[in-house]
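In: Curious how this folds, go ahead:
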Amino acid sequence: MGVLTTQLVRDETFERRRAAMEALVVELHERTALVARGGGEKALERHRSRGKLTARERIDLLVDPGSAFLELNALAAWDLYEGQAPGAGIVTGIGVVEGRECVVVANDATVKGGSYFPLTVKKHLRAQEVAQQNRLPCIYLVDSGGAFLPLQAEVFPDRDHFGRIFFNQARMSALGIPQVAVVMGSCTAGGAYVPAMSDETVIVRGTGTIFIGGPPLVKAATGQDVTAEELGGADVHTRRSGVADHYATSDEHALAIARQIVRHLDPPAAPPWEPASPQQPEVDPSDLYGFVPEDFRHEMDVREVIARIVDGSRLQEFKELYGETLVCGFAAIEGYPVAILANQGVLFAESSQKGAHFVELACKRRIPLVFLQNITGFMVGKEYEEAGIARDGAKLVMAVACAEVPKFTVVIGGSFGAGNYAMCGRAYGPRQLWMWPNARISVMGGEQAATVLTMVGDADPDEIRAAYETEGNPYHSTARLWDDGIIDPLDTRRVLALGLAAAANAPVPDTVFGIFRM
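Out: Have a look, this model is predicted:
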C-alpha cells in the first residue's frame, strides 16, 4: 500500500486559500454556537426555573463521560421560519451510552415549547433513519408541546409527516432495535405515542406529563377541571395507567435510569469488520485549508485531501493510470477499512467504468465506501454522446445505487447535476453526507444556468446567477436537511470514523446489482 506524499508549497496562493477557509470555518462555528443557545435567554431562564436541564445538558449527562457526540443537522431550519426555530427545535445525534452507540433525539423546549415545525419532523425522521440503518438503540428525551399548529398542514397528514415517527418506532421495535423514552416535560396529543410505543419509558415527577388531550381540551370536552400533573403526571402513569415504567424525581435521576436501561439491553451483533490499530496520517492535516480553492471551478488535488484523512497516509490505489479524473483506492480511517472514490475533475467514460468496477470490488469485500465529491458533472459534447457517455455514466450510478455496504459522502467542493448522483448524493442512501463550508450544490452552475435560460427565454441572467448562488450555498442545503451538516474540513477524519463505528453495529447484506448496459 503506497504512502501518499504532499506537494505542499507555502506560496501566496496557499496562504490566500488558507485565510479564506479559516474565515468560512469561523463563520460556521459562530452560527453553530448561536443555534446551540436554543430559544434565547428569556426562554432559557423560564426553562431552568422549572427545575429542568436543557436538551444539550441532558445529552451530556446521558452519554459516557469524555465520549464524542456526533451531532446531526445542527443547523436545520437555518434562516427559515423567521428565525423562530433554531436547530429546528430538536437536537439529534449519535452518542455512546454505557459503551454502546445510540441515536439520541432530544426536544429543545426553549424553542417554541419543543413544538414540531415541518423541519423538526424531518430531522426527527432522519435520526430514526440513522438508527434503523445502523441498528442503533434510539433514546428519546421528550419535552414537546406537539405539532406547531400554525403550520399543521405541513406537519400532520402526509406520508413523511408526524405520524411516520410512530410508524418508525413500531417497525424498529419489530426489528429488535431498542426504543427508550425519557419524558422530562410535555408529551401531548399524538406525541404521547413516543413513550407509549417505546420498549421502556422513564417519566420525571412534577415536570413530565403524558396525555392525548391536555387540561384545556379536557375542560372543553368534558367540563372537568384538572391539572397537568393530575391528568398525566408521573404518579398517574407509573402507579395507575402503566404507560410509564420508571419513576424519576429529577432530570438527573431520569438520565441515570436511562443509562441503566441501556446497560441491560441485548448485546449488539458481532461487527462486520474488526478495526485494525489506528494510525495518524503521515501528512500534517493542519495544512488542509491551503489546498482548497476559493472558487470550486479551480482544480484541487484530491490526493492531498486523502493523505490527510487516512491512516498512515496510505492508499492502495486502483487503476491509477486509467480514468484519472476519478481517484479510487483502499485505505483505513481510525482502523476501519474504507474504499475511497474521489473526484479529480469531470467524469469521462473511462473514469465512470473505473468507478463502477471499484464499487463492485468494495461490495464483494464488504468494505464501506467513502465518496469525496468535487464534481461539475459528466463530460458533454457530440463526440462523448456518440461514444456513449450516458451508458457508461449509468454504470456508475447503477453500482452506487445498488451498493449495500455502508456509504459515506463528503462534499469538499462542487456537487452538480448527475455528478451528484454518481458520487452518492442524498438520493443514493449514504449513511451520512457532510459538506465543507466552501461546498456548492446545484443542478448546474449559475453561469451555465444563466446561459441556458437566456437562450430559451427572456430571463435576467444576473437574477439567475444570484438565485443559484443563494440556493447552492451550503447553509441553504443544510437548513433543508439535504445533508447531515456542515463540518470543519479538519474534522473530516473524526466525523467519518464516528460514522464507521456506528455502521459497525449492523450486518452488511450481499449486494445484488441491476443490469449494466454494455
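In: Ala331: what's it in contact with?
Out: When contacts are counted by C-beta atoms under 8 Å, 6 or more residues apart in numbering, Ala331 touches Met1, Ile306, Val310, Asp311, Arg314, Leu315, Gln316, Pro337, Val338, Ile340. Heads up, the C-betas are built off the backbone N, CA and C, glycines and all.
In: Regarding stretch 218-229, how distant is the last residue from the first?
Out: One end of stretch 218-229 to the other measures 13 Å (C-alpha to C-alpha, to the nearest Å).
In: Only the buried residues of it, if you could.
Out: Val218, Ala228, Glu229 (16 or more other C-beta atoms under 10 Å).
In: so Trp482 makes contact with Arg426?
Out: Yes: Trp482 is in contact with Arg426 according to C-beta atoms under 8 Å; the separation is 5.7 Å.
In: so where does the closest residue to Ser198 other than its chain neighbours fall, helix or strand?
Out: Taking C-beta to C-beta, 6 or more residues apart in numbering as the measure, Ser198 lies nearest to Ala181, with 3.9 Å between them; neighbours along the chain are not counted. With elements taken from DSSP states H and E, the one containing Ala181 is strand 179-187.
In: Also Phe166?
Out: With secondary structure defined by DSSP H and E, Phe166 is part of helix 163-174.
In: hang on, the earlier thing: can you report the mean pLDDT over the residues of the helix or strand following the strand holding Ala181?
Out: Scanning the chain past strand 179-187 towards its C-terminal end, the next helix or strand to appear is helix 193-196 (assignment: DSSP H and E). Confidence for helix 193-196, expressed as mean pLDDT, is 96.
In: Give me the packing partners of helix 193-196, helices and strands only.
Out: With contacts defined as 3 or more C-beta pairs under 8 Å, 6 or more residues apart in numbering; DSSP states H and E, helix 193-196 has these neighbours: strand 138-144, helix 163-174, strand 179-187.
In: Out of the ones you listed, flag the one nearest Arg263.
Out: Within the helices and strands packed on helix 193-196, the stretch nearest Arg263 is strand 179-187; the backing value is 11.5 Å (C-beta to C-beta).
In: Quick one: mean pLDDT over that closest one.
Out: When pLDDT is averaged over strand 179-187, the result is 97.
In: Give me the sheet partners of it and which way each runs.
Out: strand 138-144 (parallel), strand 200-204 (parallel) (DSSP bridges).
In: where does this structure have its least confident helix or strand?
Out: Of all regular secondary-structure elements in the chain, judged by mean pLDDT, DSSP states H and E, the least confident is helix 446-456 with a mean of 65.
In: for whatever helix or strand comes next after it, what is the average pLDDT?
Out: Using DSSP H and E, the helix or strand that follows helix 446-456 in sequence is helix 461-471. Here helix 461-471 scores 77 as its mean pLDDT.
In: in helix 461-471, what counts as buried?
Out: Buried positions in helix 461-471, judged by neighbour count with 16+ other C-beta under 10 Å: Ile464, Ala467, Tyr468.
In: Format those as CSV; extra columns: distance to Met379.
Out: Written out in CSV, the entries for the buried residues of helix 461-471 read as follows (distance: C-beta to C-beta, whole Å):
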residue, distance to Met379
Ile464, 24
Ala467, 26
Tyr468, 21
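In: Identify, from the residues you listed, the entry nearest to Glu27.
Out: Sorting these by distance to Glu27 puts Tyr468 at the head of the list, at 20.4 Å, by C-beta to C-beta.
In: how much space between the closest one and Pro507?
Out: Tyr468 sits 42 Å away from Pro507 when distances are taken as C-beta to C-beta, to the nearest Å.
In: for Glu27, same thing?
Out: 41 Å.
In: Also Glu15?
Out: For Glu15, the distance to Pro507 (C-beta to C-beta) stands at 48 Å.
In: Model confidence at the closest residue to Gln128 other than its chain neighbours, what's the number?
Out: Among residues not flanking Gln128 along the chain, Asn168 sits closest, at 4.4 Å (C-beta to C-beta, 6+ apart). Reading off the per-residue confidence, Asn168 sits at a pLDDT of 98.
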